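Novice: Fold the following for me, if possible:
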Amino acid sequence: MTFALQTGLFFRRKLLETLRQPVWLVTGLTTPLLYLALFAPLLRSLAGGPAFPPGQVLDVFVPGILVLIAFGAGMGAGWPVIWELDSGVIERLRVTPASRFALLLGTVLRDVAMFAVPGVVVMAIAAIFGFHAHWGGLAVLLVLLALLAAACSATSSALGLNLKQIGSLAAVVTGVQLPLTLLSGILLPLSLGPEWLRVLGHLNPMYYAVQASRSLAGGAVLTGTVGLGFLVTGAAAALALWWGTRSYQRAMALSPAPGTVTAVEIMTSAGPAHAVVDEPAGRPRFLAVLTHGAGGTPDTPDVLAVRDAARGLGAVTALVTQPYRVRGGRAPGSAARQDAAWAEIVAALSDSGLPLVQGGRSNGARVACRTARQVGAAGVIALAFPLHPPRRPGQPGTSRDAELRAAGTRVLVLNGDRDPFGIPEPDDATRVVVLPGETHALSKNPAAIGEAVARWLGTLPGIGSRPPSVSGQAPPR
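Specialist: You can find the predicted model right below:
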């Protein structure tokens, strides 16, 4: 999945969240309009005085209001982030392969849009009441303030991820909001104040955005004031984006407490997949990623027996529901697309450097075999491997044996002796265990499956330990 696609998906998600709560759209538009209606008239007596040329009160006031809109649009990002932490959304996204920067950028772009729309509306309405619009300069002004909104959004998101409490975030945001806005000259130019106030203003990054905005609104684009405004605001945006990305990386590090079960959502090129990750209480020895058959779920008796056997040997286990099942499909569709999504799932789960064993039942076994070489699996567990596809009587048979042999690693196949889809033959790399009385479902004797898997796992290099005593195991074929 490309970075642009990841960013677009997260932006769409955030935008839909906002559109479902139109009260934020209404307040984002009405607040600046109230400033125009209730505060701007108070400045008319200042027209012709210092910092207010005759008849141009709105030309000084409106750019400041646009800066205020950008600031407000960005600084609200932290509250939803805390909600995502509390509700488990961040937990479910921990193993997504998507870039953490893309995740942050989705929120940032939403907040830039939340600034741009009311900003354009305010400029249009202000022009009706005497604001002298220099549209070329205003277009550049929107770019400048988009950087400011991005800086505020990323900063607010980082604060939310680090503070983790709404009360703490509210205290910080409200504590800095008043000095930042007053010392930037948003409502009244700082040139009206004393020298010490102007000195403090020069220490405020927002001051340079306000000064550049007033210059751009007046049609002066190529000036030192504008250049300095872009330099300071761009640097602030870059620093905030770096901090926000680092905060997401720390918050979403896959390190749950030992002995815990974590439900996670993994974004892939085929859509979201779900995984239940079970961490052992001690130090993990390997990772076992297991999945279902076509139209199934990963909680069938045979898959759970494999999970329990791997867990007993100290594995981190992950039961994966593939994207086509998450969206309600019964058939996996394109094998190439399914394999690509599976590789993305395994990449997201296997960033700990542990040896990897992957497996599944039926169609899931085929996926595990087809992708084993690509993902670097140390072994594959193929439950009910469907050697022959379903066919009508009289139709020529086809074999999937090539998929099994292409695994490029050691494979354990467990099939029932009554499986209508056939039983593969063993070879040097493939051990085949035939379970008496079992059909394709492999549901009658999960204990035998667990014993066979535990014994085989004990022979894998880098994973193996002395296998437990096993009795009553079905003979290898």
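
Novice: Can you pull out the low-pLDDT segments for this protein?
Specialist: 1, 40, 42-55, 88, 91-92, 94-97, 253-260, 351, 391-397, 464-477 (pLDDT under 70).

Novice: how does the protein divide up, domain by domain?
Specialist: Per automatic domain parsing, the domain ranges recorded for the chain read 3-251, 261-457.

Novice: For the ones you listed, give me a markdown table that also has mean neighbour count.
Specialist: No exception for glycine: its C-beta is placed from N, CA and C like everyone else's. Shown next, in a markdown table, are the domains of the chain (neighbours: other C-beta atoms under 10 Å):
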| stretch | mean neighbour count |
| --- | --- |
| domain 3-251 | 18 |
| domain 261-457 | 19 |
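
Novice: among those, which is nearest residue 463?
Specialist: Among the domains of the chain, the nearest to residue 463 by C-beta to C-beta is domain 261-457 (4.8 Å).

Novice: ok so, going back, make CSV out of the domains of the chain and add distance to residue 463.
Specialist: Listed next are the domains of the chain as CSV, based on distance: least, C-beta to C-beta, whole Å:
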stretch, distance to residue 463
domain 3-251, 22
domain 261-457, 5
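
Novice: if I averaged out where everything in this protein sits, which residue would be nearest that spot?
Specialist: Centroid check for the chain by C-alpha atoms, centre = their mean gives residue 103 as the closest residue, at 4.7 Å.

Novice: Next one: that residue from residue 81, what distance?
Specialist: Per C-beta to C-beta, to the nearest Å, residue 103 is found 10 Å from residue 81.

Novice: Same question for residue 189.
Specialist: 35 Å.

Novice: any residues touching the helix or strand hosting residue 198, and which ones?
Specialist: Element membership of residue 198, judged by DSSP states H and E, is helix 195-201. For helix 195-201, the external contacting residues (C-beta atoms under 8 Å, 6 or more residues apart in numbering) are 183-185, 190-191, 193, 207.

Novice: now with 7 Å?
Specialist: Counting by C-beta atoms under 7 Å, 6 or more residues apart in numbering, helix 195-201 makes contact with 183-185, 190, 207, all of which sit outside it.

Novice: likewise stretch 434-444?
Specialist: Residues from elsewhere that reach stretch 434-444 (C-beta under 7 Å, 6+ apart): 301-302, 361-362, 383-384, 414-421, 423, 445, 448-449, 474, 477.

Novice: try 10 Å this time
Specialist: Contact with stretch 434-444 is made by 293, 296, 300-303, 305, 361-362, 383-386, 413-423, 426, 445, 448-449, 452, 473-477, as judged by C-beta atoms under 10 Å, 6 or more residues apart in numbering.

Novice: And the strands in the stretch 251-400 of the chain?
Specialist: 261-268, 271-278, 286-291, 315-321, 356-361, 379-383 (DSSP state E, counting those that start in this stretch).

Novice: Using a markdown table, please lay out these together with distance to residue 11.
Specialist: Below are the strands of the stretch 251-400 of the chain laid out as a markdown table (distance: least, C-beta to C-beta, whole Å):
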| stretch | distance to residue 11 |
| --- | --- |
| strand 261-268 | 13 |
| strand 271-278 | 16 |
| strand 286-291 | 30 |
| strand 315-321 | 26 |
| strand 356-361 | 33 |
| strand 379-383 | 38 |
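
Novice: Go through those and name the closest to residue 346.
Specialist: That would be strand 286-291 among those, by C-beta to C-beta, at 5.7 Å.

Novice: what angle sits between that closest one and strand 315-321?
Specialist: Angle of strand 286-291 versus strand 315-321, following axes from the mean of the first three to the mean of the last three C-alpha atoms, to 10 degrees, is 20 degrees.

Novice: CA atoms of strand 286-291 as CSV?
Specialist: C-alpha atoms of strand 286-291 as CSV (Å, rounded to 0.1, in the frame of the first residue of the first chain):
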residue,chain,number,x,y,z
PHE,A,286,8.9,-17.8,18.2
LEU,A,287,5.9,-16.3,16.5
ALA,A,288,3.0,-18.5,15.2
VAL,A,289,0.6,-16.8,12.7
LEU,A,290,-2.5,-18.9,11.9
THR,A,291,-5.5,-18.4,9.8
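
Novice: Now do that strand: which elements does it pack against?
Specialist: strand 271-278, helix 301-312, strand 315-321, helix 335-349, strand 356-361, helix 363-375, strand 379-383, helix 446-457 (3 or more C-beta pairs under 10 Å, 6 or more residues apart in numbering; DSSP states H and E).

Novice: Make CSV from the ones you listed and add distance to residue 409 to it.
Specialist: Shown next, in CSV, are these (distance: least, C-beta to C-beta, whole Å):
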stretch, distance to residue 409
strand 271-278, 22
helix 301-312, 16
strand 315-321, 17
helix 335-349, 13
strand 356-361, 9
helix 363-375, 5
strand 379-383, 6
helix 446-457, 13
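
Novice: how long is stretch 123-141 end to end?
Specialist: One end of stretch 123-141 to the other measures 11 Å (C-alpha to C-alpha, to the nearest Å).

Novice: I'd like the next helix or strand past the host helix or strand of residue 12.
Specialist: Element membership of residue 12, judged by DSSP H and E, is helix 3-19. Tracing the chain past helix 3-19, the next element assigned as helix or strand by DSSP H and E is helix 22-38.

Novice: how far off helix 3-19 does that next one point, in degrees?
Specialist: Using the same axes, to 10 degrees: helix 22-38 against helix 3-19 is 70 degrees.

Novice: For helix 22-38, which outside residues touch it?
Specialist: 17-19, 58, 61-62, 64-66, 68-69, 72-73, 76, 114-115, 117-119, 121-122, 125-126, 129, 131, 186-187.

Novice: quick one: which of the contacts of helix 195-201 is nearest residue 146?
Specialist: For the contacts of helix 195-201, the nearest to residue 146 is residue 184 (17.1 Å; C-beta to C-beta).

Novice: thought residue 15 was touching residue 106?
Specialist: Yes. Using C-beta atoms under 10 Å, residue 15 is in contact with residue 106, at 8.6 Å.

Novice: any idea how far the closest residue in space to residue 159 that isn't next to it in sequence lies from residue 400?
Specialist: Spatial nearest neighbour of residue 159, chain neighbours left out: residue 78 (5.0 Å); criterion: C-beta to C-beta, 6 or more residues apart in numbering. Here the criterion is C-beta to C-beta. By it, residue 78 lies 52 Å from residue 400.

Novice: before we move on, what about residue 376?
Specialist: 22 Å.

Novice: same question, residue 226
Specialist: Residue 226 sits 66 Å away from residue 400, going by C-beta to C-beta.

Novice: do residue 362 as well
Specialist: 11 Å.

Novice: what sits in contact with each of these two?
Specialist: Joint contacts of residue 362 and residue 400 (C-beta under 10 Å, 6+ apart) are 385-386, 421.

Novice: Distance to residue 169 added to those, as CSV?
Specialist: Formatted as CSV, the shared contacts of residue 362 and residue 400 follow (distance: C-beta to C-beta, whole Å):
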residue, distance to residue 169
385, 53
386, 53
421, 57
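
Novice: Let me know the distance separating residue 125 from residue 119.
Specialist: 11 Å.

Novice: my guess is residue 9 contacts residue 99, does it?
Specialist: No. Counting by C-beta under 10 Å, residue 9 does not reach residue 99; the two are 11.3 Å apart.
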